[in-house]
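Enquirer: After the sequence you'll find the predicted model.
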Amino acid sequence: MVSVSECFHTLLLEKKCALIPFITAGDPDLATTAQALQILDQSGADIIELGVPYSDPLADGPVIQAAATRALEKGVTLDDVLSLVKDISPTLKAPIVLFTYYNPIFSRGIEVFLDEIAQAGVKGLVVPDLPLEEADVLLIPASLRGIEVILLIAPTTPPERITVIAQQSQGFIYLVSVTGVTGVRTKVATGVEDILKNIRQVTSKPIGVGFGISTPEQASQVKQWGADAVIVGSAFVKCLAHGDLKSMQELCLNLKKAM
């Protein structure tokens with residue numbers, strides 16, 4: 001499995017836009033998650049974002065919150081997720097980016113947590129509630145273990161803060177397309193195009209756009225605006241809520257085709 005940066009390097013040379021599906025680990029069960037990871041990897045996913053179920057999410061909309069709740073009710077733990085990744089990651093081409101909130105990291109201890117996810121084969125990390133001012137506590141030790149910590153930029157992020165986030169983010173920059181939580185929306189916010197241009201003025205790092213993207217048409221639009229990656233979550237999580245791997249695969253194939 002290549003690193004997140006290496007994946008983007010290859011795609012940029014080929015002038016391709018990355019597709020990054022998000023799924024919640026353990027919903028509807030861990031066995032289905034394992035199958036889903038392999039199917040996504042074989043159906044056009046360039047990077048896969050895997051959410052750790054969490055009881056008090058801040059950035060997740062109702063679809064992903066419900067998925068996390070179902071997984072937690074079945075007893076899915078961080079240890080279960082890492083065990084799954086350790087078993088599956090050697091079979092995948094797409095690097096796995098783990099999505100988790102900061103409390104599980106803090107509870108385990110940063111060094112212990114990073115050692116465990118590195119040993120499991122995780123290549124990237126998104127921690128949506130980690131403030132920029134405290135990011136170094138994770139960025140520095142993560143980089144020593146080959147883990148790239150991806151930082152987020154929101155529509156409300158001021159220009160001077162965009163510059164600092166762009167400098168510090170590893171792997172790519174995660175542009176949140178809306179002011180709000182994740183979820184399927186009828187259209188992508190038009191302001192995304194301008195924000196992409198603003199970020200381009202301060203960095204050459206890849207930029208991925210997520211939150212509110214669910215259809216091939218929306219993915220194509222975001223690519224045309226200049227994104228290097230399109231991140232799709234709730235639409236995939238909806239498919240897996242009932243273990244519908246076929247619909248999930250069709251969505252992945254259609255998104256990749258449109259991009």
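Expert: Good, I have the coordinates.

Enquirer: show me where pLDDT drops low in the stretch 151-259 of the chain?
Expert: The stretch 151-259 of the chain contains residues with pLDDT under 70 at 179-190.

Enquirer: Can you show me the strands along it?
Expert: Along the stretch 151-259 of the chain, counting by DSSP state E, counting those that start in this stretch, strands occupy 152-153, 173-176, 207-210, 229-232.

Enquirer: Between the ones you listed, which one is closest to Ala71.
Expert: Closest approach to Ala71 among the strands of the stretch 151-259 of the chain (CB to CB): strand 229-232, 19.3 Å. Where you see a C-beta, it was placed from the backbone N, CA and C, and this is true even at glycine.

Enquirer: so what does the closest one touch, helix or strand wise?
Expert: Judged by 3 or more CB pairs under 8 Å, 6 or more residues apart in numbering; DSSP states H and E, the packing partners of strand 229-232 are strand 18-24, strand 207-210, helix 216-224, helix 245-258.

Enquirer: Now do the longest one: which elements does it pack against?
Expert: Of the remaining helices and strands, those touching helix 245-258 by 3+ CB pairs under 8 Å, 6+ apart are strand 18-24, helix 30-42, helix 216-224, strand 229-232, helix 234-240.

Enquirer: State the three-state secondary structure for the most centrally placed residue in the chain.
Expert: Centroid-nearest residue in the chain, with CA atoms, centre = their mean: Glu49, separated by 3.7 Å. Three-state call for Glu49 (DSSP: H, G, I helix; E, B strand; the rest coil): strand.

Enquirer: okay, now the nearest residue in space to it that is not next to it in sequence: neighbour count?
Expert: Leaving aside its chain neighbours, Glu49 sits nearest to Phe22 (4.1 Å; criterion: CB to CB, 6 or more residues apart in numbering). When counting by other CB atoms under 10 Å, one arrives at 23 neighbours for Phe22.
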